[in-house]
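Undergrad: Fold the following.
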Amino acid sequence: MPGGRLTQQERQQIALGLADGLAYAEIARRLERPTSTITREVMRNGGPSAYRAEMAHRATERRAHRRRRQTTPREAQAPEQAHGRDAEAVREYEETFTTVMMASGMPTMMARVMACLTLTDSGSLTASELAQHLQVSPASISKAITFLDGQGMVRREQGERRRERYVVDDDVWYQSMMASARAIAQIVETARQGVGVLGTGTPAAARLENVARFLDFVGENTTRAAEQAREVLHTKPRTPAEGAAEPGSDHG
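TA: Residues are numbered from 1 along each chain as shown. Here you go, the predicted structure:
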């Protein structure tokens, strides 16, 4: 499987694949690249509808140039990886995780902070630790934390020396889903108010009523699914050995 950076020819193949409606996995298979590489490449360069090979190639060269200028200070500050992890693989995965969250609609800096917190073993960092890791200003971190806190995706804790720590805990995705369900419920309520304003039976009112019915169904199912699945967030994943041993226990 080829390694290293994508070539200009590969980027042209990606653009052609997207134009043909191919899935990322199929494009990756044809290029003999990991699917995550294709996903990250497309999402960091405009997304599937705006991806352009030439623009993506120039943007990558600019990013590489900036990284070369920052190599010495970044390497000096890079923390040693725990558990024998490959530092470069972790960095690339963090970019992929960030890109996927951006694709879901999260602003860039908020996605970077969320990825950084999620991928730490402790699940918590201070503002200065985040700023150092992401090489951004404290003001950027503050703005991102304010947004994430408002969405219920992080919480604040008082740390040592009165420094705030920002925490991503096991319930963050549950809280995020519930916040989404509440937002949907507000849209449903507003749509149904519009039915009365526009007049029951009119085309516009009928459209709003259908929107309300659709979103009401989605919101209810989102809430129900989040409640039912919440315990998964607090379940310790099985190891491969445990998974292999389980079938045998049924015969004992």
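
Undergrad: Next, give phi and psi for the residue nearest to the spatial centre of the chain.
TA: Nearest to the geometric centre of the chain sits M101, at 2.2 Å (C-alpha atoms, centre = their mean). Note on M101: backbone dihedrals following degrees, to the nearest 10 are phi -70, psi -30.

Undergrad: What values do phi and psi take at T126?
TA: The phi/psi pair for T126 (degrees, to the nearest 10) is phi -90, psi 170.

Undergrad: same thing with S128?
TA: According to degrees, to the nearest 10, S128 has phi -70, psi -40.

Undergrad: quick one: contacts for it?
TA: Contact partners of S128, counting by C-beta atoms under 8 Å, 6 or more residues apart in numbering, are P138, R163. No exception for glycine: its C-beta is placed from N, CA and C like everyone else's.

Undergrad: quick revisit: contacting residues for the nearest residue to the residue nearest to the centre of the chain once chain neighbours are set aside?
TA: The shortest distance from M101 to any non-neighbouring residue, by C-beta to C-beta, 6 or more residues apart in numbering, is to A111 (4.1 Å). Residues in contact with A111 (C-beta under 8 Å, 6+ apart) are T98, T99, M101, M102.

Undergrad: Can you pull the phi/psi pair for A111?
TA: phi -70, psi -40.

Undergrad: just E164 next, same as before
TA: The phi/psi pair for E164 (degrees, to the nearest 10) is phi -70, psi 140.

Undergrad: what about the spatially closest residue to it that is not a sequence neighbour, helix or strand, and which?
TA: Ranked by C-beta to C-beta, 6+ apart and with sequence neighbours excluded, the top spatial neighbour of E164 is R156, at 5.3 Å. Per DSSP states H and E: R156 is located in strand 155-158.

Undergrad: pLDDT score assigned to the residue nearest to E164?
TA: The predicted structure scores R156 at 87 on the pLDDT scale.

Undergrad: Any idea what it is bridged to?
TA: Taking DSSP bridges, one obtains Y166 as the residues bridged to R156.

Undergrad: what's around it, how many residues?
TA: The local packing of R156 (other C-beta atoms under 10 Å) involves 12 other residues.

Undergrad: Repeat that for the one 3 residues further on.
TA: Counted with other C-beta under 10 Å, the burial measure for G159 works out to 14 neighbours.

Undergrad: Can you give me the distance of it to S124?
TA: 8 Å (C-beta to C-beta, to the nearest Å).

Undergrad: Give me the common contacts of the two.
TA: Contacts common to G159 and S124, judged by C-beta under 8 Å, 6+ apart, are R165.

Undergrad: what secondary structure does K236 sit in?
TA: coil (DSSP: H, G, I helix; E, B strand; the rest coil).
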